[in-house]
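1. whatever this is, show me its structure:
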Amino acid sequence: MDFELNEQQQQLQQIVREFSAMELKHGAAQRDKSGEFPWPEIKKMQGLGLFGLIFPTEFGGGGHDFLSYTICVEELARIDASLAITLLAHTLCASHIDAIGSIEQKRNYLTPLAKGEKLGAWALSEPEAGSDAGGILTKATPHNGGWCLTGNKFFITNGSQANIIVVMASSDPGRGNKGISAFIVPGDNPGLIKGKNLDKLSFRSSDTVGLGLKDVWVPQDSLLGKPNCGFMQAMEVLAAGRIGVAAMAVGISRACLEESIAYAGRRRAFGHPIADFQAIQGMLADMATELDAARLLVYRAARRKDAGLSFSKEAAMAKLYASEAATRAALKGVQIHGGHGYLRTFPLERYLREAKLCEIGEGTSEIQRMVIAKELLKAVH
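-> Residues are numbered from 1 along each chain as shown. Take a look at the predicted model:
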């Protein structure tokens, strides 16, 4: 498998790298401190076409492959992971519509999402249904030629800011996860109650809220695909989403390494730059090796997806390894920075807080291990 980037991918990488450094880097720490949703920066990203990268050109997208998307996510996360996760959540929503939606649904909903005219969110998790995605309690009941949605969602990224939300709800509660359907819900639906941004440890300027659905009525053509097929749809969307989270973790790891190399070169102790000391060199070497390994796992999963091959196991491996490697890189980065690593005036403490979420969001490390083991054991059973 070829892991080298082609010329188009390299050009895109350079464009997003320069854009992130010039347009997004300034104010990242302040955005993390204030927790204010970064609409000015989001609009710049929309203007660059980042919110429609992988979607068909006929629906306003950029027509790029999924590997190109992971490259861009890494570059964004290197500068501000809150902006990267905003893109990831939007892409979950748009990808679900792209994969399952009718031509009319794609024209009406995917097109403005891909063009960067509207922001998307994807609502699966609930207060009592996180890792157990099949245990959702939000109900969808046929009503007046459409559907009435009632329930509560939680940890919904972009939830209070999104114009278009894909919501999973139980349309046949007696069938468990085989009775779940997916619906397109406008963000301004009068029955939709939007919570405030949660006071989080990290990703503070990304919008993460609870959503209340109180008799939210949507027309029949808001149903994505066939009734009671939403769970399998969601699992396919999540598998691709895990590659995105892994790419975000790679970006955070790279930030830790680059900041640590720079600091080790200028920080002096005992008459020498601390980069001269073997203990520091060993940590930098470990960080660099794990960074490359994580990136290669991301590229493998993305290339399999682009080739139309199965990629669930590879996505889980990439997400598991890259997220845990990011936490290790952040811990080493803080250690290299010493007391400065514990101060908000340096970015390492933010990277540490961001890295940890990568082990939790879109399936915890424990869930990834279950997915991997299940795939490995298929041949046994």
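2. helices of the stretch 51-200 of the chain, start to end?
-> Counting by DSSP state H, counting those that start in this stretch, one finds helices in the stretch 51-200 of the chain at the ranges 66-79, 81-100, 103-105, 111-114.
3. closest to residue 316 out of those helices?
-> Of all these, it is helix 66-79 that lies closest to residue 316, at 15.1 Å by CB to CB. Using the backbone N, CA and C atoms, a C-beta is placed for each residue, glycine as well.
4. run the angle between the closest one and helix 81-100 for me.
-> Between helix 66-79 and helix 81-100, the angle comes out at 160 degrees (axes from the mean of the first three to the mean of the last three CA atoms, to 10 degrees).
5. now for helix 66-79, which elements pack on it?
-> Applying 3 or more CB pairs under 8 Å, 6 or more residues apart in numbering; DSSP states H and E, we find helix 66-79 packed against helix 7-19, helix 81-100, helix 230-266, helix 278-306.
6. relative to helix 66-79, how tilted is the shortest one?
-> Note on geometry: by the same axes, to 10 degrees, helix 7-19 and helix 66-79 are set 20 degrees apart in direction.
7. give the buried residues for helix 7-19.
-> 9, 12, 13, 16, 17, 19 (16 or more other CB atoms under 10 Å).
8. among the residues you listed, which two are most distant?
-> By the measure CB to CB, 9 and 19 form the most distant pair in the buried residues of helix 7-19, at 15.5 Å.
9. coming back round to it: return the member of the buried residues of helix 7-19 nearest to residue 203.
-> Set against residue 203, the nearest of the buried residues of helix 7-19 by CB to CB is residue 16 (19.5 Å).
10. now the closest one: how far from residue 66?
-> Using CB to CB, to the nearest Å, residue 16 is found at 15 Å from residue 66.
11. please apply the same query to residue 134.
-> Separation of residue 134 from residue 66 (CB to CB): 26 Å.
12. which of those two has more neighbours?
-> residue 66 (22 against 15; other CB atoms under 10 Å).
13. give me every residue that touches that one.
-> Residues counted as contacts of residue 66 (CB atoms under 8 Å, 6 or more residues apart in numbering) are 54, 240, 243, 302, 305, 306.
14. the last one: what's it in contact with?
-> Counting by CB under 8 Å, 6+ apart, residue 306 makes contact with 65, 66, 67.
15. could these be laid out in CSV, adding pLDDT?
-> CSV is the format used below for those (pLDDT from 0 to 100):
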residue, pLDDT
65, 98
66, 98
67, 98
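16. with respect to residue 104, which of those residues is nearest?
-> Using CB to CB, the contacts of residue 306 come closest to residue 104 at residue 66, 25.1 Å.
17. run through the strands of the stretch 51-200 of the chain in chain order.
-> Counting by DSSP state E, counting those that start in this stretch, the stretch 51-200 of the chain has strands at residues 120-123, 139-143, 146-157, 164-170, 180-186, 192-194.
18. between those, which one is nearest to residue 37?
-> Proximity to residue 37 (CB to CB) singles out strand 146-157 among the strands of the stretch 51-200 of the chain, at 11.1 Å.
19. tell me the residue in this protein that is farthest from the middle.
-> Distance to the chain centre peaks in the chain at residue 271, reaching 43.9 Å (criterion: CA atoms, centre = their mean).
20. please report phi then psi for that residue.
-> Backbone torsions for residue 271, taken as degrees, to the nearest 10, come to phi 80, psi 10.
21. how close does it get to residue 260?
-> Distance from residue 271 to residue 260, counting by CB to CB: 21 Å.
22. same deal with residue 25?
-> According to CB to CB, residue 25 and residue 260 sit 17 Å apart.
23. which one's more surrounded, these two?
-> residue 260 (27 against 12).
24. contacting residues for the more buried one?
-> Applying CB under 8 Å, 6+ apart, one finds that residue 260 lies in contact with 283, 284, 287, 332, 333, 336, 337, 348.
25. ok, now with 6 Å
-> By CB atoms under 6 Å, 6 or more residues apart in numbering, residue 260 lies in contact with 333, 336.
26. helix, strand, or coil at residue 354?
-> helix (DSSP: H, G, I helix; E, B strand; the rest coil).
27. numbering from 611 from now on, please.
-> With 611 as the first residue, the last one maps to residue 964.
28. okay, now it: neighbour count?
-> Using other CB under 10 Å, the number of residues around residue 964 comes to 30.
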